[in-house]
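Compute the structure for the input listed below.
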Amino acid sequence: MLGQNSILKKLINPFTGSIGLLGIIVVRAALSAAGIEYANVLYALIPGPIAILAHSGGMLLVVAASVATVLADIFAASLGAGGEAAAGAHVTIGALEKFVMMCTCGAVVYYMSSRLSQAVRKASRQAKDYRKELYLQEKKSASALSNARSRERQVKHDVTMYSSLVLLLEEAAEKIYSSLDPEDLIHRFFVVLRKGLRAETGAVYFIDEQGKNYTLHASFGYGPERPYDQPEVVPASDPLVQYVAAAKRAIALYDGAPPDPQVRSVAPKSILSVKMSVALLVQSTPTGIVTINSFSNDAQPDFTRDTALLSMLCNIASIAFTNARLFMRIQDMADRDPLTKLFNRRYFYEALSREVSKGHLQKTTACVLLCDIDHFKTVNDTHGHQAGDTVLIDFARTCSSIIRDCDVLARYGGEEFVFLLPGLSAEAGRQAGQRIRRAIAEKEFNVEGIKLHITTSCGVAAFPEHASDVAALIKAADLALYDAKAAGRNAVVVAGGPASESLSCEGTVSETGRDAEDPSTDQADAPTSEAACARLIEQPDD
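This next block holds a predicted model:
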């Protein structure tokens with residue numbers, strides 16, 4: 001289209017200039033023939049058509065137009081003079097002058113139009129360059145404005161996100177740090193994970209003391225209808241676990257997370273199948289891992305927010321776990337007997353107080369067994385106190401293997417041990433005491449290569465049958481133990497029963513092949529016959 005317009009301009013401009021010149025000549029001739037004196041004034045209009053011709057075709061068209069104009073002027077003058085020679089000669093001279101004048105004017109106009117055309121073209125190029133530069137600047141400005149708006153939206157999103165994170169972390173820290181019970185702490189941690197990440201299922205693993213395996217400690221989102229579908233033991237050499245522990249940051253494997261070549265390369269080699277994971281670190285040392293195994297249906301994963309939140313929550317949890325473990329270790333040291341590792345007397349009284357309070361509220365029962373190693377002084381005097389310590393440790397270990405998980409075994413003092421048996425009646429407590437007495441009597445205690453046989457005496461008191469408070473219950477058991485001792489040791493006596501009904505036989509501390517009885521024991525006062533033992537000792541229930 002632009003080419004056609006250029007061609008039309010090249011054709012129209014010479015035609016317009018030529019018609020303009022011829023029109024001026026014809027009109028001037030007609031006016032001269034009519035006797036108008038100022039007809040030659042029309043020559044002043046000639047530079048206009050000549051300028052058009054000069055702009056269109058240069059000097060060649062100017063000369064051609066000048067020649068044509070002179071010829072047309074001669075022809076018109078001849079017609080007006082009637083063919084007189086003198087007049088023709090005069091016209092010819094006038095025509096030549098006109099030709100020279102027109103060529104001169106044409107040259108001047110051509111030069112001026114050329115310079116003007118160059119100036120116009122230069123200005124046009126400059127204007128075009130300016131428009132181009134202006135366009136580029138406008139485009140850059142639009143791009144910068146778009147980037148600024150995008151950045152503004154991102155900043156607003158980040159501010160909103162991190163504000164919510166701060167509030168959530170404050171709430172999480174308040175919940176998690178307010179508990180020193182490890183199990184309650186883990187429960188609170190799971191609640192925060194579910195709320196903050198919209199996690200549906202997940203778990204926490206802790207590393208063993210050897211640092212070889214991570215063992216499942218707790219999980220959430222699972223139950224009878226949805227069994228746990230991940231391994232319960234994960235080797236520390238697992239590729240994904242190794243990467244998580246070394247990265248010291250949360251990783252994401254769900255759809256939409258930015259691709260991480262290293263994570264994607266180790267994930268298929270792992271026995272775990274998770275959406276997110278992070279290590280629990282204590283002084284840069286991994287102590288466990290947290291896994292998010294699935295998200296709820298209404299979750300909207302956001303990689304930046306999710307990884308930041310999970311990392312910060314686990315940092316809080318790591319500190320809380322460390323504090324809880326330290327507290328539990330200190331509490332355990334305060335609650336445990338350093339020699340036997342059993343609970344101590346103070347802890348037993350606290351546990352018994354709780355059980356008695358529970359019994360009053362829920363109408364439940366409980367039994368207390370107070371046991372004493374018979375003739376323990378003989379062990380210390382004969383074999384030394386280290387041998388006595390060995391006997392105490394083995395006695396505690398044997399008793400611990402017999403009782404239930406809900407029972408409490410404590411070292412009451414010296415060679416005395418006390419049992420709290422929740423939910424048992426006096427008769428059930430007596431049967432439990434018989435199992436303990438029999439297990440001790442049948443056990444060989446190896447002390448520095450010497451095998452010893454010892455016995456124990458037990459006193460049984462039941463709540464609320466024999467007492468309704470802690471002090472009275474302990475006193476009742478202690479009196480029953482005294483009766484068992486008085487009846488000849490190696491016996492189980494229930495509180496309130498007369499000594500004649502107690503279950504006893506002569507207690508001994510003997511080495512293999514020979515007796516090592518307490519010389520202070522009056523053998524004449526103890527029953528010695530089979531019939532007497534059968535009468536005084538109630539056989540333990542099998």
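
In three-state terms, label residue 420 for me.
Counting by DSSP: H, G, I helix; E, B strand; the rest coil, the backbone at residue 420 sits in strand.

what pairs with it across the strands?
Residues in a beta bridge with residue 420, per DSSP bridges, are residue 368, residue 408.

That one and residue 352 touch, don't they?
Yes. The pair residue 420 / residue 352 is scored as a contact, 5.6 Å apart, by Cβ atoms under 8 Å. Where you see a C-beta, it was placed from the backbone N, CA and C, and this is true even at glycine.

which neighbours do those two share?
Listed as contacting both residue 420 and residue 352 by Cβ atoms under 8 Å, 6 or more residues apart in numbering are 366, 368, 408.

Can I get those in TSV including neighbour count and distance to residue 286?
Compiled in TSV, the shared contacts of residue 420 and residue 352 are given as follows (neighbours: other Cβ atoms under 10 Å; distance: Cβ to Cβ, whole Å):
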residue	neighbour count	distance to residue 286
366	22	43
368	29	45
408	21	35
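
now the helices: where do they sit in this structure?
Ranges of helices within the chain are 2-33, 47-57, 59-81, 85-177, 182-197, 239-247, 261-266, 303-335, 345-362, 376-383, 385-402, 426-442, 470-486, 530-536, based on DSSP state H.

closest to residue 238 among the shared contacts of residue 420 and residue 352?
Looking at these and their distance to residue 238, the nearest is residue 408, at 38.9 Å (Cβ to Cβ).

where does that closest one land on pLDDT?
Residue 408 carries a pLDDT value of 95.

So it versus residue 154, what's the distance?
Separation of residue 408 from residue 154 (Cβ to Cβ, to the nearest Å) stands at 59 Å.

And residue 23, by the same measure?
Per Cβ to Cβ, residue 23 is found 73 Å from residue 154.

So those two - more neighbours on which side?
Set residue 23 next to residue 154 and count neighbours by other Cβ atoms under 10 Å: residue 23 wins out with 13 against 10.

How much space separates that one from residue 30?
11 Å.

can you pull the contacts of the residue nearest to residue 269 when sequence neighbours are not counted?
Distances taken as Cβ to Cβ, 6 or more residues apart in numbering put residue 239 closest to residue 269, at 4.4 Å, once the chain neighbours are dropped. The contact partners of residue 239, taken as Cβ under 8 Å, 6+ apart, are 266, 269-270.

and if you look at residue 272?
230-231, 234, 238, 240-241, 291.

Just the buried residues of stretch 195-213, please?
Buried residues in stretch 195-213, counted by 16 or more other Cβ atoms under 10 Å: 196-207, 213.

of all those, which two lie farthest apart?
198 and 213 (30.3 Å).

tell me the domain ranges of this protein?
Per automatic domain parsing, the structural domains of the chain span 2-140, 182-335, 345-536.

and the ones you listed, which is most packed in?
Highest mean neighbour count among the domains of the chain (mean count of other Cβ atoms under 10 Å): domain 345-536, with a mean of 18.

Can you tell me which of the buried residues of stretch 195-213 end up in strands?
Of the positions in the buried residues of stretch 195-213, 199-207, 213 sit in strands, assigned by DSSP state E.

Which elements pack onto the longest strand seen in the chain?
As assigned by DSSP E, the longest strand anywhere in the chain is strand 285-295. Secondary-structure packing of strand 285-295 (3 or more Cβ pairs under 8 Å, 6 or more residues apart in numbering; DSSP states H and E): helix 182-197, strand 199-207, strand 213-220, helix 239-247, strand 276-282, helix 303-335.

strand partners of it, parallel vs antiparallel please.
Partners of strand 285-295 in the sheet, by DSSP bridges, are strand 199-207 (antiparallel), strand 276-282 (antiparallel).

angle of the first one against helix 182-197?
For the pair strand 199-207 and helix 182-197, the angle between their directions (axes from the mean of the first three to the mean of the last three Cα atoms, to 10 degrees) equals 140 degrees.

What would strand 199-207 look like as PDB? C-alpha coordinates only.
The C-alpha coordinates for strand 199-207 follow below in PDB (Å, rounded to 0.1, in the frame of the first residue of the first chain):
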ATOM      1  CA  ALA A 199      -1.500 -32.200  57.400                       C
ATOM      2  CA  GLU A 200      -3.700 -35.300  57.500                       C
ATOM      3  CA  THR A 201      -1.100 -37.900  58.500                       C
ATOM      4  CA  GLY A 202       2.400 -37.800  59.800                       C
ATOM      5  CA  ALA A 203       4.900 -39.300  62.300                       C
ATOM      6  CA  VAL A 204       7.900 -38.600  64.400                       C
ATOM      7  CA  TYR A 205      10.900 -40.900  64.600                       C
ATOM      8  CA  PHE A 206      13.700 -40.900  67.100                       C
ATOM      9  CA  ILE A 207      17.200 -42.200  66.600                       C
END
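
Need the contact partners of that strand.
186, 189-190, 193-194, 213-222, 226, 228, 230, 234, 236, 280, 286-296, 299.

Just name the shakiest helix or strand of the chain by mean pLDDT.
Ranked by mean pLDDT, DSSP states H and E, the weakest helix or strand in the chain is helix 530-536, scoring a mean of 30.

and the gap between residue 406 and residue 341?
Taking Cβ to Cβ, one finds residue 406 at 19 Å from residue 341.

How about residue 143?
Relative to residue 341, and taking Cβ to Cβ, residue 143 is found at 73 Å.

Neighbour count: the two, which is higher?
The neighbour comparison of residue 143 against residue 341 (other Cβ under 10 Å) goes to residue 341, with 13 against 10.
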